[in-house]
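**Q** pasted the sequence and its predicted model underneath.
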Amino acid sequence: CMQSLSGMGKEKRDQDAITKVKRCLDICEKKNGIEDTSYVKCLDMLAKIYYAFGYYEKAIPCFTNAMEIRRKISGEENIDYANSVGNLGLIYGKDIDYEKSLEYCRHAMKLFEKISGKESRVYSDVINLMGVVYGQSGNYEKALLYLQEALAIRAKLYGTQHPSYGSPLQNIGNVNGFIG
């Protein structure tokens, strides 16, 4: 199902992508039910498409349902569940609800720390996100703490010349720009 999205043209991306993933959801539900990983992957894909196109109000229930189904299927100490929690932190950070975003990010951070450790890519991703959200909410001091931690982890993982190092570095620059 999801592979059919890759060849889509940009001119009709919104409706084509949404229609195809909804069809995939229907097929997966009929074949295996909703408590199946293929269904959850399609649901996650639909949420990401809604998110990418700026339809946040439609993405949130999809991300929430995917998270709940993953919790039911695999429990909370699972990387896919932790990613679902992080996705909700990401979307609520889009000027929707910073406190809710940080709540999801904190939960994801604890999960990633437990699952992958503090020096993992996924852990650095979520603390980078927390730094961004703190920055957007005006708490620049906390933003810099999280962003600097993300930067240090990525320097250890990838070195300072890797593109992944650049994201927290750019975010630090953005926050410093607001501080003046």
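**A** Ah, there it is. Numbers count the residues shown, from 1 in each chain.
**Q** now do the helices in this structure.
**A** Taking DSSP state H, the helices of the chain run over residues 13-32, 37-52, 56-74, 79-92, 98-116, 121-136, 140-158, 163-179.
**Q** let me have those in TSV, extended by mean pLDDT and mean neighbour count.
**A** To be clear about C-beta, it is placed using only N, CA and C from the backbone, and glycine gets the same treatment. TSV is the format used below for the helices of the chain (pLDDT from 0 to 100; neighbours: other CB atoms under 10 Å):
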stretch	mean pLDDT	mean neighbour count
helix 13-32	85	15
helix 37-52	90	21
helix 56-74	94	18
helix 79-92	92	22
helix 98-116	94	19
helix 121-136	93	23
helix 140-158	96	19
helix 163-179	90	16
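**Q** give me the most central residue, the protein.
**A** residue 87 (3.0 Å; CA atoms, centre = their mean).
**Q** ok now do it, which residues does it touch?
**A** Residue 87 sits next to 44, 47, 48, 51, 63, 66, 67 when contact means CB atoms under 8 Å, 6 or more residues apart in numbering.
**Q** and if you look at residue 74?
**A** Residue 74 is in contact with 80, 81, counting by CB under 8 Å, 6+ apart.
**Q** repeat the analysis, applying 10 Å as the threshold.
**A** By CB atoms under 10 Å, 6 or more residues apart in numbering, residue 74 lies in contact with 37, 40, 80, 81.
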